[in-house]
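Asker: Turn this into a model:
(2 chains)
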Amino acid sequence: MTFINYASREINCKIVYYGPGLCGKTTNLQYIFDSTAPQAKGKLISLATETDRTLFFDFMPLELGSVRGFKTRFHLYTVPGQVFYDASRKLILKGVDGVVFVADSQEERMDANIESLYNLEENLQAQGYELMNLPYVLQLNKRDLPNVLPVEDLATELQRKGEPVLEAVASTGVGVFDTLKAVAKQVLTELRKS
Amino acid sequence: MHEQQYQQIKAVLAKLCLDASARVVFLVDKDGQQIAAHGDVGDIDTTSLASLAAGNVAATGGMAQLIGEKEFPTLSHEGERESIHICVIGRVLLVVVFDERSSLGLIKLRVKQISNEVAAIIEELTRESGKKRAEDNAFFAEITDDDIDSLFS
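Answerer: Sure, this is the predicted structure:
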């Protein structure tokens, strides 16, 4: 839920990066963190295992600038992608304003993408949300790898409601900010509509 | 949240900070957004602390439900020098950071004494925000596509 603080003139929104294990959610956040000016960001908190797999969540606050005198601050979260961390994923979706689904474009990860997308819809419902009514972007990551499926095939399987579909290579930053922009824009537009 | 409510909350946090000899006191919502803080914030990354406190409460709340409890209303973490006490009050969390100048017993007592006051302010805040929504919405309706685009230019 967007938190508007009129006293400090701040709009705070929560965006969650969702997707199967090793699809590049943390890499998206890491790239945003590395490429943002120090004054616009806070620390990147990563609750990870010893082997750098996300255990609970990654978090970074990002200030984008002002809209009509209100500072806009986005709280970016990732969820742990591994199937058995489902309880944690459910918790992180609490109060979400926008979701980025990071799909792994590799052919052999298609089933994992589909399973994770179903899981997202289920977990959103458990928190009282409907994917259909939520600002939402589909990112097709790892487009630089040799064994990727065509964009059309991925979109046919994974696109849910005509949401923006963005191609990305999170490790080099391709499409990372475009994805963030697409979801942030929807969140702010939603605020205007409400 | 508007200026008057913010000042009310700040006053309650200031009182708690003083009475409990705490280092710093935060009010955070369950989604991890910081509402207000009072005390010696120093170099504490308050945004991250708010998000982690909410994550902490969410995780222990999940554990509580697994064993048949609704939630764990208080959490305490004691360190060598600095400690944290978190109290769940409805949909907000009162987070108290304290050191050897205070004790967990005193913190728990003072938090308990003030929690009704915090609950009343939050209840009023929720009611007020319902009433003021119409005028606030009018303000946000004026946001143009150009305003939004300018954030990314």
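
Asker: For chain B, which segments are assigned as strands?
Answerer: Taking DSSP state E, the strands of chain B run over residues B:24-29, B:34-39, B:74-78, B:83-89, B:92-98.

Asker: Of all residues in chain A, which one is closest to chain B?
Answerer: Distances between chain A and chain B by CB to the nearest CB are smallest at residue A:95, namely 3.0 Å. No exception for glycine: its C-beta is placed from N, CA and C like everyone else's.

Asker: so who does that residue touch?
Answerer: A:1, A:14, B:29-33 (CB atoms under 8 Å, 6 or more residues apart in numbering or on different chains).

Asker: Let me know whether the helix-or-strand element of chain A with minimal mean pLDDT sits next to chain B.
Answerer: Using mean pLDDT, DSSP states H and E, the weakest-scoring helix or strand in chain A turns out to be strand A:3-5, at a mean of 79. Yes: residues of strand A:3-5 contacting chain B under CB under 8 Å from any CB of the partner chain: A:3-5.

Asker: Out of those residues, which is nearest to residue B:69?
Answerer: Minimum distance to residue B:69 across the residues of strand A:3-5 next to chain B is 27.6 Å, recorded for residue A:3 (CB to CB).

Asker: Tell me who's in contact with that closest one.
Answerer: Counting by CB under 8 Å, 6+ apart, residue A:3 makes contact with A:11-12, B:1, B:29, B:31, B:33, B:35.

Asker: need these in a markdown table with pLDDT, neighbour count and distance to residue B:79, can you?
Answerer: Formatted as a markdown table, those follow (pLDDT from 0 to 100; neighbours: other CB atoms under 10 Å in any protein chain shown; distance: CB to CB, whole Å):
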| residue | pLDDT | neighbour count | distance to residue B:79 |
| --- | --- | --- | --- |
| A:11 | 90 | 23 | 34 |
| A:12 | 91 | 25 | 28 |
| B:1 | 74 | 21 | 31 |
| B:29 | 90 | 20 | 25 |
| B:31 | 87 | 20 | 26 |
| B:33 | 88 | 23 | 25 |
| B:35 | 92 | 23 | 24 |
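
Asker: can you put those in CSV and add distance to residue A:123?
Answerer: Shown next, in CSV, are the contacts of residue A:3 (distance: CB to CB, whole Å):
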residue, distance to residue A:123
A:11, 25
A:12, 22
B:1, 28
B:29, 20
B:31, 15
B:33, 21
B:35, 26
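
Asker: Please point out which parts of stretch A:83-92 sit buried.
Answerer: A:85, A:88-92 (16 or more other CB atoms under 10 Å in any protein chain shown).

Asker: Ignore what I typed, I meant stretch A:107-118.
Answerer: Across stretch A:107-118, burial judged by 16+ other CB under 10 Å covers A:109-110, A:112-113, A:116-117.

Asker: roughly how far is it from the heart of the chain?
Answerer: How far stretch A:107-118 lies from its chain's middle: 16 Å, per CA atoms, centre = their mean, to the nearest Å.

Asker: Ok, stretch A:68-86 next?
Answerer: 6 Å.

Asker: For chain B, give the residue positioned nearest to chain A.
Answerer: Nearest residue of chain B to chain A (CB to the nearest CB) works out as residue B:31 at 3.0 Å.

Asker: And for residue B:110, nearest residue in space, chain neighbours not counted?
Answerer: Of all residues not flanking residue B:110 in the chain, residue B:20 sits nearest, at 3.8 Å (CB to CB, 6 or more residues apart in numbering or on different chains).

Asker: Good, wrapping up.
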